[in-house]
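In: I would like to see how this sequence folds:
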Amino acid sequence: MYKRIYNRAKELEQDTADFLMEMIATPSFSCKEKNVIEVIKNKMLKTGFDEVKIDGLGNVIGRIGNGKKVIAFDAHIDTVYPGDMSLWSFDPFSPKIEDGKIWGRGTVDQKGGMASMVYAAKIIKELNLNKDYTIYFTGTVMEEDCDGLCWQYIINEDKIKPELVVITEPTNMNIYRGHRGRMEIMISVKGLSCHGSAPERGDNAIYKISRIALEIEKLNERLITDEFLGKGTVTVTQVFFSSPSQCAVPDAASIQLDRRLTFGETKETAVNEVKDACAKAGYPDAEVEVLMYEEEAYTGLKYPTEKYYPTWKIPLDSPYVTSSAKVFKELFDKDPLIDKWTFSTNAVAIAGMNGIPCIGLGPGNEVYAHAPNESSPVEHLSGAAAFYAGLIYNLNNK
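Out: Numbers count the residues shown, from 1 in each chain. Predicted structure coming up:
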């Protein structure tokens, strides 16, 4: 059966690639995904899904099967912007196949996973691989803006709570079982403005925030390390100030922090460490705030959340990891590399907030995510589709 699954995925490889190129040619930046959601919905219906719906946040959710157990496959279908167009050797929204790869914005991060998921569903139905599960295939929105917000909505509002979610973010066709979490933190200080010709009359907020920034740099060196997920990190990413004019001492200043959380670190510990750094800089009264996300989805809905995205990992001996490794070996005749993502994914909400196990396997290499001339091997598409279908076969035949 694994051989049949693999062969059918190869037969469908060009169809999968064509679907991916159709999605790439339909730009879908965060909060602007409506058109590509329609493309995916139509493909799901044409492929023979049992049900396809679009929820209140704008996620497209396809279903096959009616089993008592629930499993889901997830791909976010929003992308980042192309950035400096001079760095691209072609139009990022005019996809092409060249040198065995598909090129275009979103091939890696992560419309490739969406394409493979849909054709995995086709294989599952054609080969009658599923009897025990209700299987959801989610094309989710706003992930680039706010990791996991889409799945907070799916779990809390759509009331879908799977026993396992397969994250199809790029893994270079390896199996991943965790990643660090993250937070977005703002530190703000007040000063006193005065004319720049007599700075001694005022209290320069930029000097204050600069001293705090240097303490944040030192804090980064003190953060703990997890043997699997690696070290927690913190860095200053943005600087803001206010001043009556360019000839005045600034009366307020802020810095924004990107805080990556390794296993064992929490929102509370991270905030306390930042407050301690402010105190070490001489400003214990500095305001430390975890930021909120309150952007409007393309549906018009606002679904606010704190920008705290918890760390997660599942054990190496988890039955889901064991099953995934077996499926991989059966399909590809080699042992998988079992590893972790460097960046974060929707699993921050699924596993980090709700304790639902996740595993990852997806087409493309994450090093090309958000980069110009983004591309993914065509053979990854069929390989990922075979893996997803093979996993369903495995879980139905324990």
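In: who's in contact with the residue most central in space within the chain?
Out: The residue lying closest to the centre of the chain (CA atoms, centre = their mean) is residue 345, at 2.7 Å. Residues in contact with residue 345 (CB atoms under 8 Å, 6 or more residues apart in numbering) are 143, 147, 148, 167, 169, 179, 360. All C-beta atoms are positioned from the backbone trio N, CA, C, and that covers glycine.
In: what about it, distance to residue 262?
Out: Per CB to CB, to the nearest Å, residue 345 is found 16 Å from residue 262.
In: what about residue 124, neighbour count?
Out: Neighbour count of residue 124, defined by other CB atoms under 10 Å: 25.
In: Which strands border the helix or strand harbouring residue 136, and is each parallel or antiparallel?
Out: Using DSSP states H and E, residue 136 falls within strand 133-140. Strand 133-140 sits in its sheet next to strand 60-64 (antiparallel), strand 69-76 (parallel), going by DSSP bridges.
In: and among those, the most buried is which?
Out: strand 69-76 (a mean of 24; mean count of other CB atoms under 10 Å).
In: Next, residue 391: secondary structure please.
Out: helix (DSSP: H, G, I helix; E, B strand; the rest coil).
In: so who does it touch?
Out: Per CB under 8 Å, 6+ apart, neighbours of residue 391: 166, 323, 324, 327.
In: any idea which of those is closest to residue 246?
Out: Closest approach between these and residue 246, by CB to CB: residue 166, at 53.6 Å.
In: okay, now the domains of this structure?
Out: Under the assignment automatic domain parsing, the domains of the chain span 2-179+311-396, 181-293.
In: Would you reformat those as CSV and include mean pLDDT and distance to residue 303?
Out: Formatted as CSV, the domains of the chain follow (pLDDT from 0 to 100; distance: least, CB to CB, whole Å):
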stretch, mean pLDDT, distance to residue 303
domain 2-179+311-396, 98, 6
domain 181-293, 97, 9
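In: For residue 299, which of those is the nearest?
Out: Closest among the domains of the chain, using CB to CB: domain 2-179+311-396, at 4.6 Å.
In: which of the contacts of residue 345 tops the neighbour count?
Out: residue 179 leads these on contacts (other CB under 10 Å) with 30 neighbours.
In: who's in contact with that residue?
Out: Residues near residue 179 by CB under 8 Å, 6+ apart: 229, 311, 312, 313, 340, 341, 342, 343, 344, 345, 347.
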